[in-house]
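# With the sequence up front, the predicted model follows.
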Amino acid sequence: MAEKLGGWDAMLGRAVRDAGFREQLLTDPDAATRAYDITEDQLADLKEVNAEAARNFFRKVGAEHKPSLRPKADWCTDKQCNDR
C-alpha cells in the first residue's frame, strides 16, 4: 500500500493553496482524497459541501488577500538591514 500524504489538515491545507486540487475536491472528492489518510465520516462531510458556495468563498478570500496588495514593511529584523 502506498504511503498516505497526510490527514485532514494536510488535505485542507493543500485545498487552500492549490486551486486545481480544490476544484477536484469539490467535483470528485473520492478521487481527490484517495491519497490522504481521512476517515469515512470526513469524506462524507466533504461530499456535503456546497461547491458553488465554496467557490464563491475562495474567490472572495483570494480577491481580498492578494500578496501584491500587502504593504511592504519599511523595517526588518535582519542585523545587516538594521546596520544600514
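Noted; the coordinates are in hand.
# Name the single longest helix found in this structure.
Once the chain is assigned using DSSP state H, the helix that runs over the most residues is helix 51-64.
# List the contacts of the most centrally placed residue in the chain.
Residue closest to the mean C-alpha point of the chain, counted by Cα atoms, centre = their mean, is Val16 at 1.5 Å. Residues counted as contacts of Val16 (Cβ atoms under 8 Å, 6 or more residues apart in numbering) are Arg22. Backbone N, C-alpha and C define where each C-beta goes, glycine included.
# Ok, the one 10 residues further on next?
Applying Cβ under 8 Å, 6+ apart, we find Leu26 in contact with 49, 51, 54-55.
# and the helix or strand hosting it, what's its mean pLDDT?
Secondary structure assigned from DSSP states H and E places Leu26 in helix 19-27. Looking at helix 19-27 alone, the average pLDDT works out to 94.
# Would you pull up how far the helix or strand just after that helix lies from the middle of the chain?
Next helix or strand after helix 19-27 toward the C-terminus (DSSP H and E): helix 29-33. Using Cα atoms, centre = their mean, to the nearest Å, we find the averaged C-alpha position of helix 29-33 to lie 15 Å away from the chain's own average C-alpha position.
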